[in-house]
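**Student:** predicted coordinates and the sequence they were generated for:
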Amino acid sequence: MGKPKGRKVARHGGNPNAWREPKASSPSLSSVTTAEGLLEKLQSYMESCEFVVAEKFANRALERFPANSRVLEAAAECFTETGNITKARTCYLKAISVSPLKGWRKYLGLAQLLEGQNAVLQYTRGIEVMERELAEVAGPAQVETPNVPSASSSTEKDTAEIPTARDISNAYLSISELYTTDLCDDDNAEEMCKYALDKAMMADPKNPEAFQQMANFFLIKGDKEAAAQYVKGGLTLWYTDHLPPEQRISPENQQKVGVDYEEGSGMPGLALQIDTAKALIECAEYDLANRLFTEFITHSPTDPELWYLNGFSYFLHGNDYYPQARSALTKAKKFATTPHGICYDIIAQCDEHLESIAKVLPPTEDSDNEEEVVQTEDSVNRPEQSNCEDSDWETDEEGCEDVEM
């Protein structure tokens, strides 16, 4: 991509700069002449979500360094973000042809843009590269590396990112997911899914997501007992409050009970934590599920889905827990209606369960007051016509995503 064009100067002459004063913040493609400089600019604009400008640097980098694997990979990532999937695939494929034995991320990036067996193939190749690179770090003298010509510089090889056991484990998890989605109709889908899950567990026995996916595998098969074992096994890696003190991992964890939300702590993201709690409901581990949802609600006290799931767990637990279920479901209805929009599905599901509860447990004065408050706030907060394009709330008849188990 060439230098940005300025306004043409009048034919009779004059100073070009008089037409336009350069902005101090505008990027200058011509001022960056090295691959490292272009990559630095590209990454900077990617991190700040300025993808239009980042794409300009990606195109310029490809023009100047068309055989640099790092440039090709960075450009592919940029094109993926901007939705230019065809161009992203082309860059990934060229990066692989330029440096097939170094750089594992390009294989995983390409796999995410493919489907079915083509994706499995790229994930598998990426795993092979990761295992080779780890073996080289552990004992380079014991690893035979084929002498394949590469256009990559020695600097690229020296700065290649070393994978971790968690990276390998997550790649196997991606393969297992393919056998429950794109390839679920294959004759050997179940065996291949289980094989990938076993490999993920072997690669990183402390990967909470591996435990979670293994639990989901057994839930699909209808084996709740085995699923519960894996859910609880994964839970011990990041949530220790449910264990007796003598079984907690360390004195540090004895002081830091409950859910860890600190970034960089090695704990799973909140989405995986919530998925774990949902799996506990499916495994009929209601007490533990409710303890987790109580933790989540303390951090997000107005999240209607968390209140609904907490109430749903109490509801499934039985009649003795109907009072707690009624309270949680009523709060879910309350928070499902805001001035920004309404989550109709949650309200409908809450009404269904509350109706069932009312047939067994007569309403009390407190429950009547709670319901009255919800109905009053519903009428006040219900927008006549919502215009919340950037909101996650649903305002049409379809409602929010179905959250029922």
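**Tutor:** Yep, that arrived.
**Student:** check contacts around residue 294.
**Tutor:** Neighbouring residues of residue 294 by C-beta atoms under 8 Å, 6 or more residues apart in numbering: residue 310. C-beta: built from backbone N, CA, C; applies to glycine.
**Student:** report the buried residues of the helix or strand harbouring it.
**Tutor:** Using DSSP states H and E, residue 294 sits within helix 286-299. Using 16 or more other C-beta atoms under 10 Å as the test for burial, helix 286-299 gives 286, 288-293, 295-297.
**Student:** now it: average pLDDT?
**Tutor:** For helix 286-299, mean pLDDT is 94.
**Student:** continuing past it, what's the next helix or strand?
**Tutor:** Reading on from helix 286-299 to the C-terminus, the next helix or strand found by DSSP H and E is helix 304-317.
**Student:** tilt between the following helix or strand past that next one and helix 304-317?
**Tutor:** Sequence-wise, the next helix or strand downstream of helix 304-317 (DSSP H and E) is helix 322-335. Counting by axes from the mean of the first three to the mean of the last three C-alpha atoms, to 10 degrees, helix 322-335 points 160 degrees away from the direction of helix 304-317.
**Student:** angle of the helix holding residue 294 against helix 304-317?
**Tutor:** Interaxial angle of helix 286-299 relative to helix 304-317 (the same axes, to 10 degrees): 160 degrees.
**Student:** count the residues that sit near the nearest residue to residue 69 once chain neighbours are set aside.
**Tutor:** Excluding the flanking residues, the one nearest residue 69 by C-beta to C-beta, 6 or more residues apart in numbering is residue 99, at 4.0 Å. By other C-beta atoms under 10 Å, 24 other residues sit near residue 99.
**Student:** now the longest helix anywhere in the chain: average pLDDT?
**Tutor:** Criterion DSSP state H: the longest helix present in the chain is helix 116-138. The average pLDDT for helix 116-138 rounds to 94.
**Student:** show me what that helix is packed against.
**Tutor:** Helices and strands touching helix 116-138, by 3 or more C-beta pairs under 8 Å, 6 or more residues apart in numbering; DSSP states H and E, are helix 105-111, helix 165-178.
**Student:** give me the buried positions along that helix.
**Tutor:** In terms of neighbour count (16+ other C-beta under 10 Å), helix 116-138 has its buried residues at 119-120, 122-127, 129-130, 132-134, 136.
**Student:** in what helix or strand does the nearest residue to residue 238 once chain neighbours are set aside lie?
**Tutor:** In this structure, residue 238 finds its nearest non-sequential neighbour in residue 267, 4.8 Å apart by C-beta to C-beta, 6+ apart. Using DSSP H and E, residue 267 sits within no helix or strand.
**Student:** burial of residue 267, as a residue count?
**Tutor:** Here the number of neighbours of residue 267 (other C-beta under 10 Å) works out to 17.
**Student:** in space, what's closest to residue 314 - neighbours in sequence excluded?
**Tutor:** Residue nearest to residue 314 in three dimensions, not counting chain neighbours: residue 325, with 3.6 Å by C-beta to C-beta, 6+ apart.
**Student:** from residue 319, how far off is the one you found?
**Tutor:** 10 Å (C-beta to C-beta, to the nearest Å).
**Student:** quick one, what contacts residue 284?
**Tutor:** Applying C-beta under 8 Å, 6+ apart, we find residue 284 in contact with 224, 228, 316.
**Student:** repeat that for 7 Å
**Tutor:** residue 224 (C-beta atoms under 7 Å, 6 or more residues apart in numbering).
**Student:** part of a strand, is it?
**Tutor:** No - according to DSSP: H, G, I helix; E, B strand; the rest coil, residue 284 belongs to no strand; its state is coil.
**Student:** which phi and psi does it have?
**Tutor:** phi 60, psi 30 (degrees, to the nearest 10).
**Student:** quick one: low-confidence parts of the stretch 51-200 of the chain?
**Tutor:** 139-160 (pLDDT under 70).
**Student:** tell me, how many residues neighbour residue 314?
**Tutor:** Neighbour number of residue 314 under other C-beta under 10 Å is 25.
**Student:** I'd say it and residue 327 touch.
**Tutor:** No - in this structure residue 314 lies outside contact range of residue 327 using C-beta atoms under 7 Å: 8.5 Å.
**Student:** what's stretch 225-237 in contact with?
**Tutor:** Contacts for stretch 225-237 (C-beta under 7 Å, 6+ apart): 206, 208, 211-212, 214-215, 218-219, 243, 276, 279-280, 283, 285.
**Student:** looking at those residues, which has the most residues close by?
**Tutor:** Neighbour-wise, those (other C-beta under 10 Å) top out at residue 215, 28 neighbours.
**Student:** so it makes contact with residue 281?
**Tutor:** No - applying C-beta under 7 Å, one finds residue 215 not in contact with residue 281, separated by 12.0 Å.
**Student:** all strands of the chain, in order?
**Tutor:** With DSSP state E as the criterion, the chain has strands at 337-338, 341-342.
**Student:** got phi/psi on residue 303?
**Tutor:** According to degrees, to the nearest 10, residue 303 has phi -80, psi 110.
**Student:** what's the local residue count around the residue nearest to residue 82 when sequence neighbours are not counted?
**Tutor:** Closest residue to residue 82 apart from its sequence neighbours, by C-beta to C-beta, 6+ apart: residue 51 at 5.0 Å. Look at residue 51: counted by other C-beta under 10 Å, it has 16 neighbours.
**Student:** use 509 as the first number for this chain going forward.
**Tutor:** Got it, the first residue is 509 from now on, which makes the last one we talked about residue 559.
**Student:** fine by me, we can end here.
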